[in-house]
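In: predicted model and sequence below, questions to follow.
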Amino acid sequence: MNRNIMIQTLRRFKVTSGYKGYYYLLDAADIISGFHTKEKPFATQNDIYIPIGEKHETSFYNVERGIRVVVDKCWKEDKELMMEILGYHAIKCPSNSEFLDAFTFFCENR
């Protein structure tokens, strides 16, 4: 998947590399893209958080929290763009896995 598209999308939310979750989210989107290609569901903790934690030498909990911080920032920064990415009208901030899946699909189709 094209990382430049992912980075441009995150920057539209004013999310920069100053957030640890920025890198975790990019890695997660790469992993999820592979699951989309295989048309296979993913388990957020086992397939996403644990491998990313190992890569970055941190706990899966820190990965989950870092991504959550970014998702919350995106929600607060630009709800209109968030709705475009999600593909529907949301009344509350999406879960990490909901956002990760939608973000990956959105970036794959740009």
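Out: Looks like it arrived, so ask away.
In: gap between the spatially most central residue of the chain and K38?
Out: In the chain, the residue lying closest to the centroid (C-alpha atoms, centre = their mean) is L100, at 3.6 Å. Plainly put, L100 is 16 Å away from K38 if you go by C-beta to C-beta, to the nearest Å. (Glycine included, C-beta is placed from N, CA and C.)
In: picking that back up, which residues touch the residue nearest to the centre of the chain?
Out: 25, 28-29, 32, 44, 48, 67 (C-beta atoms under 8 Å, 6 or more residues apart in numbering).
In: ok, these vs F60, which is closest?
Out: For the contacts of L100, the minimum distance to F60 (C-beta to C-beta) is 8.6 Å, reached by I48.
In: and for the closest one, the neighbour number?
Out: 25 (other C-beta atoms under 10 Å).
In: repeat that for V71.
Out: For V71, the count of nearby residues is 24 (other C-beta under 10 Å).
In: give me the below-cutoff pLDDT ranges for this protein.
Out: Scanning the chain for pLDDT under 70 picks out nothing.
In: would you map the helices across it?
Out: According to DSSP state H, the chain carries its helices in the segments 3-12, 20-38, 50-55, 60-77, 79-86, 96-108.
In: return the alpha-carbon coordinates of the longest one using PDB.
Out: Pointing back at helix 20-38 there. Taking Å, rounded to 0.1, in the frame of the first residue of the first chain, the C-alpha atoms of helix 20-38 are listed here in PDB:
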ATOM      1  CA  LYS A  20       3.900   7.300  18.600                       C
ATOM      2  CA  GLY A  21       0.600   6.100  17.400                       C
ATOM      3  CA  TYR A  22       1.400   7.600  14.000                       C
ATOM      4  CA  TYR A  23       3.900   4.900  13.300                       C
ATOM      5  CA  TYR A  24       1.800   2.200  14.800                       C
ATOM      6  CA  LEU A  25      -1.200   3.200  12.700                       C
ATOM      7  CA  LEU A  26       0.900   3.100   9.500                       C
ATOM      8  CA  ASP A  27       2.200  -0.400  10.400                       C
ATOM      9  CA  ALA A  28      -1.300  -1.500  11.300                       C
ATOM     10  CA  ALA A  29      -2.600  -0.400   7.900                       C
ATOM     11  CA  ASP A  30       0.100  -2.300   6.100                       C
ATOM     12  CA  ILE A  31      -0.800  -5.500   8.100                       C
ATOM     13  CA  ILE A  32      -4.600  -5.000   7.500                       C
ATOM     14  CA  SER A  33      -4.000  -4.400   3.800                       C
ATOM     15  CA  GLY A  34      -2.600  -7.900   3.600                       C
ATOM     16  CA  PHE A  35      -5.700  -9.300   5.300                       C
ATOM     17  CA  HIS A  36      -7.900  -7.400   2.800                       C
ATOM     18  CA  THR A  37      -5.900  -8.900  -0.100                       C
ATOM     19  CA  LYS A  38      -6.500 -12.400   1.300                       C
END
